[in-house]
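Student: With the input below, show me the fold.
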Amino acid sequence: MNKERILIIEDDPDIQEMLKFAFAGEGWKLVQVKTGEEGIKVLKENGADCVILDIMLPGIDGLKAIKKIREIEDCQKLPVIMCTARGEEADIVAGLELGADDYVVKPYSPRVLAARIRAALRRKEMSASLKAAGVQEKTVFKYGKLSLDTEKYSARLGDTPLDLFATEFAILAQFMSNPDMVFSRQKLITAIRGHDYPVTERSVDVQIAGLRKKLGICGEMIETIRGVGYRFKTE
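Tutor: Numbering: from 1, shown residues only. The predicted model follows:
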């Protein structure tokens with residue numbers, strides 16, 4: 001069995017050594033680089049199964065790096081976990097909007113990070129297994145003038161493409177694939193990012209407000225359920 005390749009983009013040698021020691025028993029192949037440019041080169045040449053990405057890097061920072069990573073054809077769905085000392089809500093939202101799958105704030109427990117990597121690898125493996133078995137998930141949803149294709153990662157309002165951030169797209173996909181279901185803010189966070197994710201419920205309200213604005217006349221399809229959360233109404 002091939003070992004999963006974990007690419008660690010981190011310029012702090014002490015953290016690099018700590019992770020190398022902490023992950024020694026996981027059976028992963030670690031590839032460690034110090035800059036975003038090096039990490040992108042590794043991904044283009046050899047790929048990876050999961051990326052650990054610091055924000056504060058020499059050269060291009062982690063936010064610019066993840067944007068470039070998502071532009072690589074084979075890396076659009078690659079699990080990327082951002083690890084950084086910058087734990088303000090604005091930084092977390094920025095990372096998620098640019099395509100991060102998870103976000104861990106320093107100082108963090110290597111065991112917690114390892115658990116998140118394992119969870120990301122399981123999701124990746126499950127998706128690959130379903131595809132290999134010929135199991136096709138529904139990927140295209142359409143309600144009124146609003147349509148969404150999760151496979152092509154596109155959303156449209158009539159004939160006009162919608163320019164959505166990654167988190168906005170994930171929220172809309174969750175709503176449209178579960179029409180008329182009521183989601184509490186925490187349930188919505190959990191559905192998109194998993195349990196114990198470091199995003200406040202207030203940030204969900206901000207994301208919903210931005211999404212409604214971009215949806216134009218279809219924004220009212222996202223209904224606020226006072227005291228509970230939200231639902232995507234199709235009536």
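Student: Any regions of this structure where pLDDT drops low?
Tutor: Scanning the chain for pLDDT under 70 picks out 1-2, 86-89, 126-138, 191-201, 235.
Student: Need the residue closest to the centroid of it.
Tutor: The chain has residue 101 as the residue nearest its centroid, 2.5 Å off, counting by CA atoms, centre = their mean.
Student: got the contact list for that one?
Tutor: 79-81, 120, 193 (CB atoms under 8 Å, 6 or more residues apart in numbering). Bear in mind the C-beta positions are built from the backbone N, C-alpha and C, glycine included.
Student: Name the nearest of the residues you listed relative to residue 109.
Tutor: residue 81 (13.5 Å; CB to CB).
Student: That closest one falls within a helix, correct?
Tutor: No: checked against DSSP: H, G, I helix; E, B strand; the rest coil, residue 81 lies outside a helix; its state is strand.
Student: shouldn't it be in contact with residue 117?
Tutor: Yes: counting by CB atoms under 8 Å, residue 117 is a contact partner of residue 81 at 6.8 Å.
Student: For the two, list the residues in contact with both.
Tutor: Counting by CB under 8 Å, 6+ apart, the residues touching both residue 81 and residue 117 are 50, 52.
Student: Disregarding flanking residues, what is the spatial nearest neighbour of residue 97?
Tutor: In space, and not counting its chain neighbours, residue 97 is closest to residue 165: 3.7 Å by CB to CB, 6 or more residues apart in numbering.
Student: next structured bit after the helix or strand hosting residue 119?
Tutor: Assigned by DSSP states H and E, residue 119 falls within helix 110-132. Using DSSP H and E, the next helix or strand after helix 110-132 towards the C-terminus is strand 140-143.
Student: How about the contacts made by the residue nearest to residue 97?
Tutor: 96-98, 210.
Student: So it versus residue 184, what's the distance?
Tutor: For residue 165, the distance to residue 184 equals 22 Å [CB to CB, to the nearest Å].
Student: got it, and residue 57?
Tutor: Distance from residue 57 to residue 184, by CB to CB: 36 Å.
Student: Sketch out the helices for the chain, chain order is fine.
Tutor: 13-22, 36-46, 62-70, 89-97, 110-132, 166-177, 185-193, 201-215 (DSSP state H).
Student: tell me which strands and helices the first one is in contact with?
Tutor: Helices and strands in packing contact with helix 13-22 are listed as strand 29-33, helix 110-132; criterion 3 or more CB pairs under 8 Å, 6 or more residues apart in numbering; DSSP states H and E.
Student: ok, now the third one?
Tutor: The contact analysis (3+ CB pairs under 8 Å, 6+ apart) places helix 62-70 against helix 36-46, strand 50-54, strand 80-84, helix 89-97.
Student: let's see it at 7 Å
Tutor: helix 36-46, strand 50-54, strand 80-84 (3 or more CB pairs under 7 Å, 6 or more residues apart in numbering; DSSP states H and E).
Student: looking at these, which is closest to residue 141?
Tutor: That would be strand 80-84 among the helices and strands packed on helix 62-70, by CB to CB, at 25.2 Å.
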